[in-house]
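Participant: Predicted model follows, preceded by the sequence.
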Amino acid sequence: MQAVQRVVCAMSGGVDSAVAALLLKRRGYQVTGVFMNNWDVVDEHGVCTAESDCEDAYKVCEKLDIPFHRISYVKEYWHDVFSSFLNEYEKGRTPNPDIMCNKHIKFNSFLTYAIENLGADAIATGHYARISHEDEEIFQHPFIKSPQSLFRNRFEVRNDVKLLQAVDQLKDQTFFLSQIPQYALRKTLFPLGGLTKDFVKKIATEAGFHHVLKRKESMGICFIGERNFDKFILEYLEPQPGNFVSIEDGKIMGKHNGWFLFTLGQRARIGGLRDAWFVVDKDVTTAEVFVAPCTDHPALYRDHLQTDRVHWICEDPPAELVRYKMMDCHFRFQHQMALVPCVLTLNQDGTVWVTLAKPIRALTPGQFAVFYKGEECLGSGKIVRLGPSLYVLQQCEERMKSAAAAAAAAANVSAETFKALDPLT
């Protein structure tokens, strides 16, 4: 008789994780629900919904008649995610804590706890994503944390699990999973990957999960929630007053309380100005935030960037990239943005240069460049450097034209002078 497979499902208190747990139980697995508490409400003054989320998750487990556990990763979240989050802002970058939370908390700390403490054969989440292996193959994979090295052993016999986009393209969440390690993917199930959001809601309705259907989808910082960002971040970082400066003429347009309060492309609300100005660059050494007078200003568009060392989910790095040092694929740096064709150029340290097929608005250091090949999510790397903007390139082109025109005019004058002085002409 085959042993019942034990699956520990991460429960958020929302409809997606509720339906994921339901589907797992219908498949005959022995399911346990776990709610993760990763933010200590005593440390901040904003509203936190952790208690109500936990209560909703418990009600789902109670209705499904499955065990429920609550675990705290407050220290881990602070150390591995939030401290890095603050550090990135201090450097003038705009981080993505959701990607880092998946990497360090859900698919590391939680995975290890589920397997070592709850006897799980696999974990599951309510993410909209798919994998290349069947469920039964996942149960057969051993749980082995791979050693972190610059490149994997290319002669090692592997049976890597690929991360694939969800059937529901609008809800696909592979973007947020692009940093999870292969050892975690080999022990993870995504029950919702082949379903649409509408069908998931229908399943929840039929199952009587009315309390989770009434909840709004979370849109705030991972595990922290929605709140006034400026007020929240100033509880942790000291104000750094500086000037808003026009990118076009260097004119001071107003004052701000810190460059870390702004990200590239956002509207800069400058006191006393009726017209909209937009953030196009920042200088942390002078505390200047450069702004432009329109949302599609050429200073916002770039087609070249560099990442830090890329995390490749399967081959590290892909064989094509190793062989040719270049590879065609697709790119996005925001969830749900349209994929853009690009060419990657591999550097010896595992970082890549990315050349985009077309300029993109508001490419942002600190965000993750996520790469795709067909329906497969290859992995991602943090954006650490940007190429020149279209505005800078246009200015260079204009200067070159002016210099060329001046040189031509000077050459013409010299020729005329020579003719006037030469008796033989």
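Facilitator: That came in fine, so what should we check first?
Participant: From Glu248, how far out is Leu393?
Facilitator: 15 Å (Cβ to Cβ, to the nearest Å). Heads up, the C-betas are built off the backbone N, CA and C, glycines and all.
Participant: okay, now Ile313: neighbour count?
Facilitator: Neighbours of Ile313 under the rule other Cβ atoms under 10 Å: 24.
Participant: Just to check, it is in contact with Tyr183?
Facilitator: No - counting by Cβ atoms under 8 Å, Ile313 stays clear of Tyr183, with 11.0 Å between them.
Participant: so what's Ala21 up against?
Facilitator: Going by Cβ atoms under 8 Å, 6 or more residues apart in numbering, Ala21 touches 9, 11, 31, 33, 60-61, 64, 66, 124.
Participant: now with 7 Å?
Facilitator: 9, 11, 31, 33, 60, 64, 66 (Cβ atoms under 7 Å, 6 or more residues apart in numbering).
Participant: The stretch 101-250 of the chain: strands as residue ranges?
Facilitator: 122-124, 130-131, 163-164, 188-189, 242-246 (DSSP state E, counting those that start in this stretch).
Participant: Dump the ones you listed into CSV; add distance to Pro293 and mean neighbour count as well.
Facilitator: Below are these laid out as CSV (distance: least, Cβ to Cβ, whole Å; neighbours: other Cβ atoms under 10 Å):
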stretch, distance to Pro293, mean neighbour count
strand 122-124, 49, 25
strand 130-131, 44, 20
strand 163-164, 42, 22
strand 188-189, 47, 24
strand 242-246, 8, 18
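Participant: Need these in CSV (columns: distance to Glu55 and mean pLDDT).
Facilitator: Formatted as CSV, the strands of the stretch 101-250 of the chain follow (distance: least, Cβ to Cβ, whole Å; pLDDT from 0 to 100):
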stretch, distance to Glu55, mean pLDDT
strand 122-124, 21, 98
strand 130-131, 31, 98
strand 163-164, 32, 98
strand 188-189, 25, 98
strand 242-246, 44, 97
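Participant: Let me have those in JSON lines, extended by distance to Gly379.
Facilitator: Shown next, in JSON lines, are the strands of the stretch 101-250 of the chain (distance: least, Cβ to Cβ, whole Å):
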{"stretch": "strand 122-124", "distance to Gly379": "20"}
{"stretch": "strand 130-131", "distance to Gly379": "14"}
{"stretch": "strand 163-164", "distance to Gly379": "8"}
{"stretch": "strand 188-189", "distance to Gly379": "16"}
{"stretch": "strand 242-246", "distance to Gly379": "36"}
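Participant: Select, out of the ones you listed, the one closest to Arg215.
Facilitator: Arg215 sits nearest to strand 122-124 of all those, at 19.9 Å, using Cβ to Cβ.
Participant: Tell me how far the closest one lies from the chain's centre.
Facilitator: Taking Cα atoms, centre = their mean, to the nearest Å, the mean C-alpha location of strand 122-124 is offset from the chain mean by 23 Å.
Participant: Same check on stretch 51-67?
Facilitator: On Cα atoms, centre = their mean, the centre of stretch 51-67 falls 29 Å from the chain's centre.
Participant: And for Thr32, the neighbour number?
Facilitator: Thr32 - counted by other Cβ under 10 Å - has 22 other residues nearby.
Participant: actually Gly272, sorry about that
Facilitator: With other Cβ under 10 Å as criterion, Gly272 counts 6.
Participant: One more: the one 5 residues further on?
Facilitator: A count of nearby residues for Trp277, using other Cβ under 10 Å, gives 23.
Participant: For beta bridges, what are the partners of it?
Facilitator: Ala268 (DSSP bridges).
Participant: quick one: pLDDT of it?
Facilitator: As summarised for this prediction, Trp277 has a pLDDT of 96.
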